[in-house]
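**Student:** sequence first, predicted coordinates after that:
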Amino acid sequence: MQLLELTAYLDDYLAIEDIPDYRDAWNGLQVQSEGDIRKIAVAVDACRYTIEKTIEEGAQLLLVHHGLFWGTKPPLTGNYFNRVAPLIKSNTALYSAHLPLDVHPEVGNNPVLARLLGLPVTGSFGKFEGMSIGLLSDVEMTVGELAERGREVLKIEPKLIGDPARKVKRIALLTGGGGSLISEAAKAGADVYLTGEGNHHTYFEAVEWGIDILYAGHYATETVGVKALATHLENRFGLETVFIDFPTGL
C-alpha cells in the first residue's frame, strides 16, 4: 500500500484535522518515505529504541502515540538527528496521533481501556477546547476490584491513593498524564479516578476532593490504543503489524 494512501486513510479515520490537540502536538505524517508499506510497527513513543527496532523488524512505517516533533521545529542535531537519521537512511516513515488516538470511539486509548476493564461508558468529563477527553462509568465495585482489573489488563501494579475497600458507583477514566484533572473527575461525581500519572501535589488534591486515585502508568495505559489501531489496519488492509514494547515504568 502506498504511504500517502495509507496516511490519508489514517488522517480521515482518526479525524486528525477535526480533533483539537495541545498547541505543541504535531499529528499526522512526521517523516515521509518512498515505496510501498507492507509492514507497520506500532509503539507508544517515537524514540531511538523504537525506531531502531522498527528497522530491525523490516517495517516501512512506525505509527506512534507520542511523536518526535512537538510545536516548534527543532534543528536536526544531537538526539533529534540520532532519531531521525535512521528513518531517512532506511527509508522508514513515521506517523503520530496524540489526542485523536486517545478519544477515537473504536481504537482510542480511553474507550479501549474501558472495554478491557469491563467498564460500560455512561458519560464523559474533562473539557479540552470544547471536547470531552475523559470517560465516566457508572458501575458498582470496590476500588480494590478496579485495581485488580488494572493489574490483569495492563500487567502493572497501580499506585493507589485511597482505600481499596471503598465502594464506588462512578469511575472516571483518562489514560496518560491525567493527574491535572482530578478536580474535574470529582466534580463529575466520580468516587475513583483511574489515570496514568500525576504530579506530587495531586496526592493532596485527591485527599481534599475526597476522590480515590489509581495511577496505572502513563505508558501502560496508552499501549492499548496503538495495539487496537494495529489490529484495525490488519483487518482492513491485510497489512502485517508488530507492537514494539519499550516500557518506561512511568
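**Tutor:** All right, it came through fine. Numbering: from 1, shown residues only.

**Student:** who's in contact with the helix or strand harbouring Glu234?
**Tutor:** Glu234 is part of helix 223-237, with elements assigned from DSSP states H and E. Helix 223-237 is contacted from outside by 1, 6, 13, 40, 42-44, 63-65, 97, 101-102, 104, 106-109, 112-113, 116, 154, 175, 239-243, 245, using Cβ atoms under 8 Å, 6 or more residues apart in numbering. No exception for glycine: its C-beta is placed from N, CA and C like everyone else's.

**Student:** put the alpha carbons of whichever helix or strand comes after it into CSV.
**Tutor:** Counting by DSSP H and E, the next helix or strand C-terminal to helix 223-237 is strand 240-243. The C-alpha trace of strand 240-243 is given here as CSV (Å, rounded to 0.1, in the frame of the first residue of the first chain):
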residue,chain,number,x,y,z
GLU,A,240,1.4,-7.1,8.8
THR,A,241,1.9,-5.3,12.1
VAL,A,242,4.1,-5.6,15.1
PHE,A,243,4.0,-3.9,18.5
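
**Student:** what pLDDT does the most centrally placed residue in the chain get?
**Tutor:** With distances taken as Cα atoms, centre = their mean, Glu222 lies nearest the centre of the chain, 3.3 Å away. On pLDDT, Glu222 comes in at 98.

**Student:** just checking, it touches Val44?
**Tutor:** Yes: Glu222 lies in contact with Val44 (Cβ atoms under 8 Å); the separation is 5.2 Å.

**Student:** follow-up on the earlier one: the residue nearest to the centre of the chain and Val112, how far apart?
**Tutor:** Using Cβ to Cβ, to the nearest Å, we find Glu222 at a distance of 10 Å from Val112.

**Student:** also Trp26?
**Tutor:** Look at Trp26 and Val112: by Cβ to Cβ, they are 23 Å apart.

**Student:** these two - which one has more neighbours?
**Tutor:** Taking neighbours as other Cβ atoms under 10 Å, Trp26 and Val112 compare with Val112 leading, 22 against 16.

**Student:** export whichever strand or helix holds that one to PDB, keeping only CA atoms.
**Tutor:** Using DSSP H and E, Val112 falls within helix 109-116. What follows is helix 109-116 as a C-alpha-only set of coordinates in PDB (Å, rounded to 0.1, in the frame of the first residue of the first chain):
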ATOM      1  CA  ASN A 109      -6.900   4.700  24.400                       C
ATOM      2  CA  ASN A 110      -9.800   5.700  26.600                       C
ATOM      3  CA  PRO A 111     -12.600   3.700  25.000                       C
ATOM      4  CA  VAL A 112     -10.400   0.600  24.500                       C
ATOM      5  CA  LEU A 113      -9.200   0.600  28.100                       C
ATOM      6  CA  ALA A 114     -12.700   1.000  29.400                       C
ATOM      7  CA  ARG A 115     -13.800  -2.100  27.300                       C
ATOM      8  CA  LEU A 116     -10.800  -4.100  28.500                       C
END
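
**Student:** so what touches that helix?
**Tutor:** For helix 109-116, the external contacting residues (Cβ under 8 Å, 6+ apart) are 65, 101-105, 120-121, 133-135, 137, 153, 173-176, 221-222, 224-225, 228.
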